[in-house]
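Novice: requesting a structural model of the entry that follows:
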Amino acid sequence: MVSSEPNGFTALPRGGYLVDTSEGYIQFGSPPETIKDTMGLEKQTPLVFVLPNKFFHVEKGISIAELEFPIYFNFFFRGGKKTFIVCSPEQKEQLTIVLGESLMGPQEVNLSSEFIDGADSFGFPDIKAEMAYFRSYKSMEEVVEFVLFDESHKAKFGGITIEQLPSNEFLVVDGEKKIKIPGEVDFHVKYDIGKRLEEPFQPPLIGITCLGPSHGFDPSDNTSGFIIWLNGQGIMVDPPVNSTEWLRESNVNPKFINSIILTHCHADHDAGTFQKILEESKITIYATATVMESFLKKYCSLTKIPRKEITDLFDFIPVVIGRPTIINGGEFYFHYAIHSIPSVGFEFFFQDQSFYYTSDHLNDPEAFEDMYKKGVLPETRYQFLKDFPWDRKIIYHEAGVPPLHTKISYLASLPEEVQKRITVYHIAAKDMPKGNHLTLAKFGIENTLYPKITPPKHQEAFQLLEILSQIDIFSGFPIEKAKEFLQIVKEERFRRGEQILKKGTHGDRFFIIASGNVRFEGLSSDHSAVKRYGTYEYFGEASLILDTVRQADVYAETDVLALTIEKTRFFQFIRGSKLHENLIKLNSIRETNTWKTLTESQTFRGLTSYQVTQLELILKLETVKKEAVLIEESQTFQNAYIVRSGTVVVMQNHKTIRELGPGDFVGEIYSLTKGLPSHFSFIAWPGTELYVLSQEDAIQYIKKNPGVYMKLNTVYN
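Specialist: Model (predicted):
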């Protein structure tokens, strides 16, 4: 039995609310992986789900209407039972698109442009036939039924009435019982942290870190995903939800991740991808055009963010089957796996190493034979699937319940020397048989695999140039400057707790953190937040540019590897650029205590120190001497603002909507960047101090930091 709280419902560990009624369990909201909270209950997973008023949290990039896995569970594990979704007509329209892509696959598919020789390419699939072969239902209506709220905001299911109240709460009427349910659904993503590294993680030349070894129905382990490390940079493959938070808690700088490979659009594979897009710097996504189209349809529908707006948040590189794609120095080749929706696997070659990843895939010669005889597999597709490259040095192979996944017994039947090269993913530890030579993927940064490899030539120069490319103030420097950088930079190492700079001393060099974290103490301005810098951040420039003494003590919070440039050489390096001017501007704005304003702001406090620095470079401080209309309703505007001190009133139709104070963002970021009229008037009181952000600077900043866009997308009413 589910033990209800005194108010008549149970708050689930991962989020959402469960009500035990005469019609069975009814669940309100379905954050990622709540199936793991309910599948072991006496009455099993609910058949009825009520969607909350707001079912996508853009700030966190998390859907709380993640219904794919409950639908699969109810249909495949509970004897073909249908899942009922209680929602508004508008929500039905949104979810129909989302579930259509994951349950049925794309309606129109033309893979010709995705293969190097079009439909004549070896291994070209009849993808529609393959999808139909694996589906045991012909339409979405066989597995899902929508129950809509009527004009009086009521919906009936059996003997139960569910009502949306004016307060946005829900009222469940079950005979004599009346139960109120909160209208907003919380979410608490649960995942194993593993072991936190004592020192910050330094990416290897090559490595593989497991983000999760199991599948979406395993309550005891993380859902599958991993990171490939190549040349000191990470490539996430189908990252699980909250992977970035896990990286930080494991002492891994998320900025090391510059790419994602998206293999297909089931929720356990694409949810973390969208979340990563909204965090920190702009990333590059590698996928086929078909997979990307499904991804965009799902998340444009879920978020109601226009397609152009979403595609502006990341760089997309479409992969072509049969043509190599170079990622972080590795040579990647992609292929379509066998699955219920379009799903890609890949292999890569780097120096003397080779790696193969199946993605979700049925690897079964008997099944291939059956599909070939039934005309599902064309001749060359059949040959391609049969000729699996078991000779690759590292093989990451999924396993699970057929027919959508590979039987673990098949992998365990392979020759011993092949089994020793296989790491198995997407399977619960309890289902891993004993007495074989297979390796079960092991979660955690501490379990990162470091394959032996011959380092490439010029590796040291490559790593230095990689660091240079990550420093925002050097963005756009020509190749001549890169050569100069290699000649003037030096390495310095500091032990944990060692003092790097002493307050009051004259500056003699510029510092770039190659690895580790530093802490600032004794800052002249009143910082209540501790100031810390990490990998790819820099310090020491102010005393050089302004020819003043150091303004703070700087300590190595961990072991630190720093790249340093001596003062004279630094000035020579930045000559002819706007950097000297920009650094003077940066120091000037920091004197106004921008760090305190931004890090204590409800809007900006989640920004990394790197993002704060980039923002500081484009802000200007102004003081309003008398009451002023900053932005006028129904008019276009050229600037947005951040309140340093004082008050800004938000008005609409001559009515006060709210008041903004220190740290609040003033303006509508979408209207500003698109040149559209404001929906509100923003009026500053006399004496208010404001940081000004111009339209052009805002556009350029958001291009580099797409996740900040969502933080600025304030809803004032």
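Novice: tally of neighbours for residue 574?
Specialist: 23 (other CB atoms under 10 Å). Just so you know, the C-beta spots here come from the backbone N, C-alpha and C atoms, and that holds for glycine as well.
Novice: that one - nearest residue in space that isn't next to it in sequence?
Specialist: residue 580 (5.7 Å; CB to CB, 6 or more residues apart in numbering).
Novice: residue 80 and residue 640, how far apart?
Specialist: Using CB to CB, to the nearest Å, we find residue 80 at a distance of 53 Å from residue 640.
Novice: low-confidence bits of the stretch 51-200 of the chain, can you list those?
Specialist: Along the stretch 51-200 of the chain, the model assigns pLDDT under 70 to residues 58-59, 189-193.
Novice: hmm, 90 instead?
Specialist: Scanning the stretch 51-200 of the chain for pLDDT under 90 picks out the ranges 52-65, 76-77, 79, 107-108, 135-138, 167-168, 183-200.
Novice: ranges for the helices of it?
Specialist: Under the criterion DSSP state H, counting those that start in this stretch, the stretch 51-200 of the chain carries helices at the ranges 68-72, 89-99, 127-134.
Novice: same deal with the stretch 551-700 of the chain?
Specialist: Under DSSP H, counting those that start in this stretch, the stretch 551-700 of the chain gives helices at 567-574, 579-590, 594-599, 609-616, 669-674, 695-704.
Novice: for the stretch 201-350 of the chain, what spans make up the helices?
Specialist: 243-249, 267-277, 289-303, 307-311.
Novice: please identify the most buried of the ones you listed.
Specialist: With neighbours taken as mean count of other CB atoms under 10 Å, the helices of the stretch 201-350 of the chain reach their highest mean count in helix 267-277, at a mean of 25.
Novice: ok so, going back, just name the most buried of the helices of the stretch 51-200 of the chain.
Specialist: When the helices of the stretch 51-200 of the chain are compared using mean count of other CB under 10 Å, helix 68-72 is most buried, at a mean of 22.
Novice: that one - contacts with which helices or strands?
Specialist: Packing contacts for helix 68-72, counted by 3 or more CB pairs under 8 Å, 6 or more residues apart in numbering; DSSP states H and E, involve helix 35-38, helix 267-277.
Novice: contacting residues around that helix?
Specialist: For helix 68-72, the external contacting residues (CB atoms under 8 Å, 6 or more residues apart in numbering) are 27, 30, 33-35, 38, 45-46, 49, 83, 99, 102-103, 143-144, 216-217, 266-268.
Novice: so residue 284 touches residue 262, yeah?
Specialist: No - contact criterion CB atoms under 8 Å: residue 284 and residue 262 do not qualify, at 11.0 Å.
Novice: about what we covered before: can you list the helices of the stretch 51-200 of the chain in a markdown table and add distance to residue 324?
Specialist: Listed next are those as a markdown table, based on distance: least, CB to CB, whole Å:
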| stretch | distance to residue 324 |
| --- | --- |
| helix 68-72 | 33 |
| helix 89-99 | 33 |
| helix 127-134 | 22 |
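Novice: those: which one's closest to residue 180?
Specialist: Minimum separation from residue 180 across the helices of the stretch 51-200 of the chain (CB to CB) falls at helix 89-99, 20.6 Å.
Novice: packing partners for the closest one?
Specialist: Using 3+ CB pairs under 8 Å, 6+ apart: helix 89-99 touches strand 83-87, strand 144-148, helix 289-303.
Novice: of residue 284 and residue 262, who's got more company?
Specialist: Comparing residue 284 with residue 262 by neighbour count (other CB under 10 Å), the higher total belongs to residue 262, at 24 against 14.
Novice: residue contacts, that one?
Specialist: 238, 269-270, 273, 285-287, 291-292, 295.
Novice: repeat the analysis, applying 7 Å as the threshold.
Specialist: If a contact means CB atoms under 7 Å, 6 or more residues apart in numbering, then residue 262 has 238, 270, 273, 285, 287, 291, 295 as its contacts.
Novice: how close does the residue lying closest to the fifth one once chain neighbours are set aside sit to residue 293?
Specialist: Using CB to CB, 6+ apart and skipping residues adjacent in sequence, the residue nearest residue 287 is residue 262, 4.3 Å away. When distances are taken as CB to CB, residue 262 and residue 293 turn out to be 11 Å apart.
Novice: re earlier: and residue 365, which of the helices and strands packed on helix 68-72 is closest to it?
Specialist: helix 267-277 (25.5 Å).
Novice: any chance of a markdown table for the contacts of residue 262, columns pLDDT and distance to residue 492?
Specialist: Output for the contacts of residue 262, formatted as a markdown table (pLDDT from 0 to 100; distance: CB to CB, whole Å):
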| residue | pLDDT | distance to residue 492 |
| --- | --- | --- |
| 238 | 93 | 39 |
| 270 | 87 | 43 |
| 273 | 90 | 38 |
| 285 | 97 | 36 |
| 287 | 97 | 41 |
| 291 | 96 | 45 |
| 295 | 95 | 44 |
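Novice: that older thread, is the residue nearest to residue 574 in contact with residue 544, as I believe?
Specialist: No - the criterion here is CB atoms under 7 Å, and residue 580 misses it with residue 544 at 9.8 Å.
Novice: in terms of packing, which of the two has more residues around it?
Specialist: Taking neighbours as other CB under 10 Å, residue 580 and residue 544 compare with residue 544 leading, 22 against 15.
Novice: secondary structure of that one: a helix, I assume?
Specialist: Yes - assignment of residue 544 by DSSP: H, G, I helix; E, B strand; the rest coil places it within a helix.
Novice: ok, now how distant is it from residue 339?
Specialist: 56 Å.
Novice: so what touches stretch 213-220?
Specialist: Contacts of stretch 213-220 (CB under 7 Å, 6+ apart): 33, 35-36, 39-40, 69, 73, 221-224, 268, 400, 425-428, 440-443.
Novice: buried residues in that stretch?
Specialist: 213-219 (16 or more other CB atoms under 10 Å).
Novice: which one of those residues is nearest to residue 470?
Specialist: Nearest member of the buried residues of stretch 213-220 to residue 470, counting by CB to CB, is residue 213, at 30.6 Å.
Novice: from residue 164, how far out is that closest one?
Specialist: 41 Å.
Novice: now swap in residue 286 and tell me
Specialist: Taken as CB to CB, the span from residue 286 to residue 164 is 42 Å.
Novice: give the full set of residues in contact with residue 404.
Specialist: 134, 339-340, 360, 362.
Novice: for the record, mean pLDDT for stretch 19-31?
Specialist: Taken as a whole, stretch 19-31 has a mean pLDDT of 94.
Novice: what about it, start to end distance?
Specialist: Criterion CA to CA, to the nearest Å; first-to-last residue distance in stretch 19-31 is 16 Å.
Novice: over to stretch 232-244?
Specialist: 17 Å.
Novice: same question for it: list its buried residues.
Specialist: In terms of neighbour count (16+ other CB under 10 Å), stretch 232-244 has its buried residues at 232-244.
Novice: quick check: phi and psi at residue 19.
Specialist: Torsion angles at residue 19 (phi, psi; degrees, to the nearest 10) stand at phi -120, psi 130.
Novice: that one reaches residue 29, doesn't it?
Specialist: No - Residue 19 is beyond contact range of residue 29, at 11.7 Å (criterion: CB under 7 Å).
Novice: domain parsing for this structure?
Specialist: 10-181, 206-447, 459-591, 615-712 (automatic domain parsing).
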